[in-house]
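**Q** Below: sequence and its predicted model.
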Amino acid sequence: MAIGLPEAPATWHVCEFKTHSAKSFAKLKAEGVAASKPLHWAQMQVYMQLAGLDRAFYLAVCKDTDELYQERIRHDAEAGLRILTKAERIIGAARPHQPGPGLVAVPLLRPPRRLPCRRGTGAALPVLPPCLARTGW
């Protein structure tokens, strides 16, 4: 988060920093964040929704030339709520989304019940490490 931007010195902003290839950067400059990088725009909408802020600052750098692009983004409360509602629905789903016609479901792979030990003994762990056990694997 930042405050003190020249365009709005008293307004707190969510900040997002991204790198782009030359092709992506040219499209960003021509079309802006919302049109050229809708996922970045959506990400900032969620951040603003959760932080209770009205503005975001997007700073991009072209990996090839180090040219900078900046844009201030206004909060779209309806979009922020819609994105968060969708995330909650996905997280709370009892089973994975079933694909529509012509799409193929890709099953998630579960880790083995016995994971190799990383201490160099070659022994296997009899149970899942806590980080995986908490996820329900």
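**A** Great, that's in hand. Since this is a predicted model, take the numbers as computed values, not measurements.

**Q** Mind checking what helix or strand follows the helix or strand that contains Leu39 in sequence?
**A** For Leu39, the element it lies in under DSSP states H and E is helix 38-51. Later in the chain than helix 38-51, the nearest helix or strand by DSSP H and E is strand 55-62.

**Q** Alpha carbons of the helix or strand following that next one, as CSV, please.
**A** Per DSSP H and E, strand 55-62 leads on to strand 68-74 as the next helix or strand towards the C-terminus. Taking Å, rounded to 0.1, in the frame of the first residue of the first chain, the C-alpha atoms of strand 68-74 are listed here in CSV:
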residue,chain,number,x,y,z
LEU,A,68,7.8,1.8,-17.0
TYR,A,69,4.0,2.1,-17.3
GLN,A,70,1.7,3.3,-14.5
GLU,A,71,-2.0,3.4,-14.1
ARG,A,72,-4.3,4.3,-11.2
ILE,A,73,-7.3,2.0,-11.0
ARG,A,74,-10.7,2.8,-9.4
